[in-house]
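**Student:** I need the structure of the sequence given here:
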Amino acid sequence: MPRSPAKTTTPSARPHEVRIIGGQWKRTKLPVADKPGLRPTPDRVRETLFNWLGQDLTGWRCLDMFAGTGALGLETASRGAREVQLFETDAALVAQLVQLKTRLGAAQVQVTRGDGVALTGRLAAASIDLVLLDPPFDSKSYEPAIAAALRVLTPQGRLYLEAPEHWSAERLAGHGLAELRHLKAGAVHAHLLGRA
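**Tutor:** Here you go, the predicted structure:
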């Protein structure tokens, strides 16, 4: 009698939830929808990013241009950011973000549905202290998103870039940026950038 194939117990590569790791909402669980291209920033990478930035973001104005689960943007709000813009195209993810905003009582968070690059174009120049840029890895949005981010970034502002490869100093310099910090974690390259 032929044996039936063994059931695989390989865990899914995608987590079903992530947690806010610091600030007033520390340990709050954020659901992760099973959607193509949705890749929440790993806890270790977020922890490193906020070690680089400093744990207290009181008074900062932040923009998460491709919000997805909201993990990055909500983390800034949890750590005291005074204004946090979350831009997302997917209607179901936007609804989830609005529910999280309500549940947390996050008055400083604004969720807007639409293309992150186009929406960033509507913001005032030099009005954002931190831009979080984490598009789907197969996205063609990196170059236009960086250009949009630079227009709204304050002179001393920071740009966080998550990408599938390490951006070279030459490539960054072509955008008027310099690498302040870099981390590789699995397939993720995390860059903290400032103006050159």
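**Student:** Can I take it that residue 182 is in a strand?
**Tutor:** Yes. Counting by DSSP: H, G, I helix; E, B strand; the rest coil, residue 182 is found in a strand.
**Student:** Report the helix or strand with the lowest average pLDDT across this structure.
**Tutor:** Lowest on mean pLDDT, DSSP states H and E among the helices and strands of the chain sits strand 29-31, with a mean of 80.
**Student:** Off-centre distance for that one?
**Tutor:** Centroid separation for strand 29-31 versus its chain: 15 Å, with C-alpha atoms, centre = their mean, to the nearest Å.
**Student:** Point out the other helices and strands that the first helix or strand past it going along the chain packs with.
**Tutor:** For strand 29-31, the following helix or strand on the C-terminal side (DSSP states H and E) is helix 43-53. Contacts defined by 3 or more C-beta pairs under 8 Å, 6 or more residues apart in numbering; DSSP states H and E place helix 43-53 against helix 71-78, strand 153-163, strand 177-185, strand 188-195. Backbone N, C-alpha and C define where each C-beta goes, glycine included.
**Student:** For the residue nearest the centre of the chain, list the residues it contacts.
**Tutor:** Centroid-nearest residue in the chain: residue 72, 4.3 Å away (criterion: C-alpha atoms, centre = their mean). Residue 72 makes contact with 41, 46, 49, 64, 132, 134, 160, according to C-beta atoms under 8 Å, 6 or more residues apart in numbering.
**Student:** What's the separation between the second one and residue 102?
**Tutor:** As defined by C-beta to C-beta, to the nearest Å, residue 46 lies at a distance of 23 Å from residue 102.
**Student:** Return, as residue ranges, the portions of this protein with sub-threshold pLDDT.
**Tutor:** Residues of the chain that meet the criterion pLDDT under 70 lie in 1-15, 36-39.
**Student:** Recalculate using a threshold of 80.
**Tutor:** 1-15, 31, 33-42 (pLDDT under 80).
**Student:** what about the longest helix in it?
**Tutor:** If you go by DSSP state H, the chain has its longest helix at helix 91-104.
**Student:** Now it: buried residues?
**Tutor:** Buried residues in helix 91-104, counting neighbours by 16 or more other C-beta atoms under 10 Å, are found at 93-94, 96-97, 100-101, 104.
**Student:** now the angle from that helix to helix 71-78?
**Tutor:** Angle between the axes of helix 91-104 and helix 71-78 is 20 degrees (criterion: axes from the mean of the first three to the mean of the last three C-alpha atoms, to 10 degrees).
**Student:** Tell me which residues are up against the following helix or strand past helix 91-104.
**Tutor:** For helix 91-104, the succeeding helix or strand toward the C-terminus, using DSSP H and E, is strand 109-113. By C-beta under 8 Å, 6+ apart, the surrounding residues in contact with strand 109-113 are 67, 73-74, 77, 83-89, 91, 94, 97-98, 101, 119.
**Student:** Please consider this matter closed, and thank you.
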